[in-house]
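*Asks:* fold the following.
(2 chains)
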Amino acid sequence: MHRFANPARFMRLSTAILPWCAGACALSLALGLYFALFIAPPDYQQGEAVRIMFVHVPAAMMATSVYAVMAAASAVALIWRHPLADIAAQSAAPIGAGFTLVCLVTGSLWGEPMWGTWWVWDARLTSVLVLFFLYLGYLALVNAFDEPVRGARAGAILALVGIVNLPIIKFSVEWWNTLHQPASIIRLGGPTIDASMLWPLFVMVLGFVLLFVTTLLLRMRTALLAAKVRALRLAEVERMTHAPAPVSS
Amino acid sequence: MSALLCLVRRDLRLALRQGGDAAMVVGFFVLAVILFPFGVGPEPQLLTRIATGVIWVTALLAALLSLERLFQADWEDGSLEALALMPLPLEAQVLAKCLAHWLVTGLPLILVAPLLALLLRLDTAGYPVLVVGMALGTPSLSLIGAVGAALSLGARRGGVLLSLLVLPLYIPVLIFGVAAVEAAITGLGARPHLLLLGALLAAALPLTPLAAAAALRQALE
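*Replies:* Numbers count the residues shown, from 1 in each chain, chains lettered A, B, ... in the order given. Modelled structure (predicted):
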């Protein structure tokens, strides 16, 4: 792991990987959307509206997985002071917040025709909303300090504190009577979705994962470059203020 | 143990010397609750319907008010660094501070809550469960709030940031606290909800000092 702690090596690696990631992401999203919108059959109960699932479910999976990645990166940052781990966590946070927002909005759009309501305060929706606010709180905390290092460390602790929400989200549909349906993919006894819908769903999940990886690499590269620009600017200012004083009469 | 009690006594003495904290928190609690009958109208059935939610939510917000100053004063005058150097672990010191904070802010909230329940015409079956629920819930609020207070030490706009950090983590306490009172009123039995509140407290007691102490160490670097 410490082999990858060198930012220059990370930049070289990501330069090599990024085009392939982006290409694979575009391909799987295109393929997944084609399968989802045209090949997958309509549901016997929900009709064509079931196709929202192919965006809602991958977004929901990413919302929780990105938080797990963020928390893992935060743990690595706190324990090993890995220089890239802080950057990874901070870069992942807005992406995770975006996925959570997409999950909540598509869920609302799906709930209106299916349940007859845009929102309901059941355990699953409430805990995902709490997850969204945890993301926002993390972003607020990291940007609330004048010293970036202090913000990064504080954010790392907050990310680890919020990890308790993830099992609550996952098991909320089993621990409570919820309007949201129980687990149909990751459950004991295997998925209960028909293969004709399951495979397009898997392709969409793959596309979303690749989207996350691509965006994360882009954001991390940007963060490293921004740090470099900041360092150069500070060096410039130092150079200027230590220049010989102007002649005054 | 004696060092911990010494720390609790110190914090209590400081809080009582300043005097304002408990009165302010209780004052906010009462004021915020009596705003609701002005806002929604004095109709008795409506007030009874919203009573338990209003009392719990404003108790949460009142507990938030005094959290910012939990570590602030010690951090600003340097005594937090001295405390960190003590042989008593920082986690135990966080527990001591939370205990003192709860005695000064949480306990008055619990004592005033039945009065406010009277003002909002809460069903009489709900009073004992309200008090017990708040007795189980307000220590969790102090503990979770300590994590937020430690994280936002020295941040810009620390008070608002603290609310943003801590309120999502308060939601489980709120949910079970209100559910307990509602269950007692409808006769379904508040025991499961009170047990869950106790479980939240039992989980918060060991875990939150760990997080808060880690955050304090970051602040002191």
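*Asks:* what about the residue positioned nearest the centre of chain A, which helix or strand?
*Replies:* Residue closest to the average C-alpha location in chain A (C-alpha atoms, centre = their mean): residue A:96, at 2.6 Å. If you go by DSSP states H and E, residue A:96 is part of helix A:83-115.
*Asks:* that helix - what's its average pLDDT?
*Replies:* Averaging pLDDT along helix A:83-115 yields 93.
*Asks:* let me see the contact set for the residue lying closest to residue B:189 once chain neighbours are set aside.
*Replies:* Sequence neighbours aside, residue B:183 is the residue nearest to residue B:189 in space, at 5.9 Å (criterion: C-beta to C-beta, 6 or more residues apart in numbering or on different chains). Every residue, glycine included, has its C-beta placed from N, CA and C. Residue B:183 is in contact with B:129, B:189, B:190, B:192, B:193, counting by C-beta atoms under 8 Å, 6 or more residues apart in numbering or on different chains.
*Asks:* check residue B:131 too.
*Replies:* B:110, B:113, B:114.
*Asks:* okay, it and chain A: tell me how far apart.
*Replies:* Using C-beta to the nearest C-beta, to the nearest Å, residue B:131 is found at 26 Å from chain A.
*Asks:* wasn't that residue part of a helix?
*Replies:* Yes: under DSSP: H, G, I helix; E, B strand; the rest coil, residue B:131 sits within a helix.
*Asks:* where does it land on pLDDT?
*Replies:* Predicted confidence (pLDDT) for residue B:131: 95.
*Asks:* how much space between it and residue B:110?
*Replies:* 6 Å (C-beta to C-beta, to the nearest Å).
*Asks:* same check, this time on residue A:181
*Replies:* 40 Å.
*Asks:* settle it for me: which of these two has more neighbours?
*Replies:* Between residue A:181 and residue B:110, residue B:110 has the larger neighbour count (other C-beta atoms under 10 Å in any protein chain shown), namely 19 against 10.
*Asks:* ok, that one - contacts?
*Replies:* B:131, B:134, B:135, B:138.
*Asks:* from the residues you listed, which is closest to chain A?
*Replies:* The closest of the contacts of residue B:110 to chain A turns out to be residue B:138 (C-beta to the nearest C-beta; 19.5 Å).
*Asks:* any bit of stretch A:99-111 sitting next to chain B?
*Replies:* No: contact of stretch A:99-111 with chain B (C-beta under 8 Å from any C-beta of the partner chain) is absent, the minimum separation being 12.4 Å.
*Asks:* what lies in contact with that stretch?
*Replies:* Here stretch A:99-111 makes contact (C-beta under 8 Å, 6+ apart) with A:49, A:52-53, A:55-56, A:59-60, A:62-63, A:66, A:117-120, A:125, A:128-129, A:131-132, A:135, A:208, A:212.
*Asks:* convert that stretch to CSV, retaining C-alpha atoms only.
*Replies:* Output of stretch A:99-111 as CSV, limited to C-alpha atoms (Å, rounded to 0.1, in the frame of the first residue of the first chain):
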residue,chain,number,x,y,z
PHE,A,99,-25.3,9.2,-5.8
THR,A,100,-27.4,9.5,-2.7
LEU,A,101,-29.2,12.5,-4.1
VAL,A,102,-29.9,10.6,-7.4
CYS,A,103,-31.1,7.6,-5.3
LEU,A,104,-33.5,9.8,-3.3
VAL,A,105,-34.8,11.7,-6.3
THR,A,106,-35.3,8.6,-8.5
GLY,A,107,-36.8,6.8,-5.6
SER,A,108,-39.3,9.7,-5.2
LEU,A,109,-40.1,9.6,-8.9
TRP,A,110,-40.6,5.8,-8.7
GLY,A,111,-42.7,6.1,-5.5
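*Asks:* which of the residues in that stretch are buried?
*Replies:* By neighbour count on 16 or more other C-beta atoms under 10 Å in any protein chain shown, the buried set for stretch A:99-111 is A:99, A:100, A:102, A:103, A:104, A:106, A:107, A:110, A:111.
*Asks:* other SSEs contacting the helix or strand where residue A:152 lies?
*Replies:* Element membership for residue A:152, per DSSP H and E: helix A:148-161. If you count contacts as 3 or more C-beta pairs under 8 Å, 6 or more residues apart in numbering or on different chains; DSSP states H and E, helix A:148-161 packs onto helix A:53-80, helix A:83-115, helix A:123-142, helix B:127-151, helix B:191-220.
*Asks:* buried residues in the first one?
*Replies:* Using 16+ other C-beta under 10 Å as the test for burial, helix A:53-80 gives A:53-67, A:69-78.
*Asks:* does any part of it sit near chain B?
*Replies:* Yes: judged by C-beta under 8 Å from any C-beta, helix A:53-80 comes into contact with chain B at residue A:78.
*Asks:* returning to that earlier point: neighbouring contacts of the helix holding residue A:152?
*Replies:* Here helix A:148-161 has contacts from A:67, A:70-71, A:73-75, A:77-78, A:86, A:89-90, A:93, A:134, A:137-138, A:141-145, B:147, B:151-152, B:154-155, B:165, B:169, B:211, B:214-215, B:218-219, B:221, using C-beta under 8 Å, 6+ apart.
*Asks:* before we move on, what about stretch B:4-14?
*Replies:* Counting by C-beta under 8 Å, 6+ apart, B:73, B:83, B:88, B:92-93, B:95-97, B:99-101, B:103-104 sit against stretch B:4-14.
*Asks:* those residues of chain B touching chain A, which are they?
*Replies:* Checking chain B against chain A by C-beta under 8 Å from any C-beta, the hits are B:147, B:151-152, B:154-158, B:161, B:164-165, B:167-169, B:171, B:211, B:214-215, B:218-219, B:221.
*Asks:* list only buried entries from the contacts of stretch B:4-14.
*Replies:* The neighbour-count test (16+ other C-beta under 10 Å) marks B:83, B:88, B:92, B:93, B:95, B:96, B:97, B:99, B:100, B:101, B:103, B:104 as buried among the contacts of stretch B:4-14.
*Asks:* residue 90: what's it in contact with?
*Replies:* Answering for chain A, as no chain was given. For residue A:90, the residues meeting the contact criterion (C-beta under 8 Å, 6+ apart) are A:142, A:152, A:155, A:223.
*Asks:* oops, I was thinking of chain B
*Replies:* Counting by C-beta under 8 Å, 6+ apart, residue B:90 has contacts B:83, B:84, B:213, B:216, B:217.
*Asks:* three-state assignment of residue A:233?
*Replies:* helix.
*Asks:* with the one 5 residues further on instead?
*Replies:* Classification of residue A:238 using three-state DSSP returns helix.
*Asks:* give me the pLDDT value at it.
*Replies:* With respect to pLDDT, residue A:238 has a value of 89.
*Asks:* what helices and strands are in contact with the helix or strand where residue A:224 lies?
*Replies:* Here residue A:224, judged by DSSP H and E, is contained in helix A:195-241. When contacts are defined as 3+ C-beta pairs under 8 Å, 6+ apart, helix A:195-241 sits against helix A:7-34, helix A:53-80, helix A:83-115.
*Asks:* ok, and the closest non-adjacent residue to residue A:211?
*Replies:* residue A:25 (5.1 Å).
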